[in-house]
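[1] Next come a sequence and a model predicted from it.
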Amino acid sequence: IQTGLHTDLDTLQWALNVYTIAFAAFTIPLGRIADQFGRNKVYFAGLILFLLGLLTSASSSTVAILIIGRALQSIGAAIVFPASMTIGINSVQLNKRNTAVLILGITQGLAAAFGPTIGGLLTQFCGWRGI
């Protein structure tokens, strides 16, 4: 990425930092907005926002555009993460909620564990835009 966008590592770090900071800052407030305006609608909006950020990041020609794309992705993820948990938990009967939480937790844990590895493989064979 650093070579492709002709930038230094200090500037490029913001592509990572903006994602982490925005996700941490917006997860709780956007989860609350999803509760107020309808989880399914807001969830879908989060998916669209994440997709727009993904496309912006993949097509970026400068590090600034990459950072903007990552920020959009992060805000989309901050919407999708809590909304998906709530939608998943509320879609099952009360006596099966423990199982739903377990399944959601396992899938999110596996995504966190295997995501970087899969991303690294994609980067190795498809280039950084393939992620």
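    Cool, got the structure.
[2] The closest residue to residue 66 other than its chain neighbours: what secondary structure?
    Closest residue to residue 66 apart from its sequence neighbours, by CB to CB, 6 or more residues apart in numbering: residue 60 at 4.0 Å. All C-beta atoms are positioned from the backbone trio N, CA, C, and that covers glycine. Recorded secondary structure, residue 60: coil (DSSP: H, G, I helix; E, B strand; the rest coil).
[3] Residue 60 reaches residue 70, doesn't it?
    No - counting by CB atoms under 8 Å, residue 60 does not reach residue 70; the two are 9.2 Å apart.
[4] Between these two, point out the one with more neighbours.
    Neighbours were counted for residue 60 and for residue 70 using other CB atoms under 10 Å; residue 70 has more, 23 against 20.
[5] sec struct for that one, please.
    Per three-state DSSP, residue 70 ends up helix.
[6] can you list contacts of stretch 84-98?
    31, 34, 35, 39, 40, 43, 99, 100, 101, 103, 104 (CB atoms under 8 Å, 6 or more residues apart in numbering).
[7] closest to residue 10 among these?
    For the contacts of stretch 84-98, the closest approach to residue 10 (CB to CB) belongs to residue 31, at 32.5 Å.
[8] surely the closest one meets residue 82?
    Yes - applying CB under 8 Å, one finds residue 31 in contact with residue 82, separated by 3.3 Å.
[9] Neighbour count for those two, which is higher?
    Between residue 31 and residue 82, residue 82 has the larger neighbour count (other CB under 10 Å), namely 23 against 18.
[10] got a pLDDT number for the more buried one?
    We have a pLDDT of 89 for residue 82.
[11] Mark which of the contacts of stretch 84-98 are buried, thanks.
    Among those, those scoring as buried are 31, 34, 39, 43, 100 (criterion: 16 or more other CB atoms under 10 Å).
[12] how is this protein carved up into domains?
    As assigned by automatic domain parsing, the chain contains the domains 1-90, 92-131.
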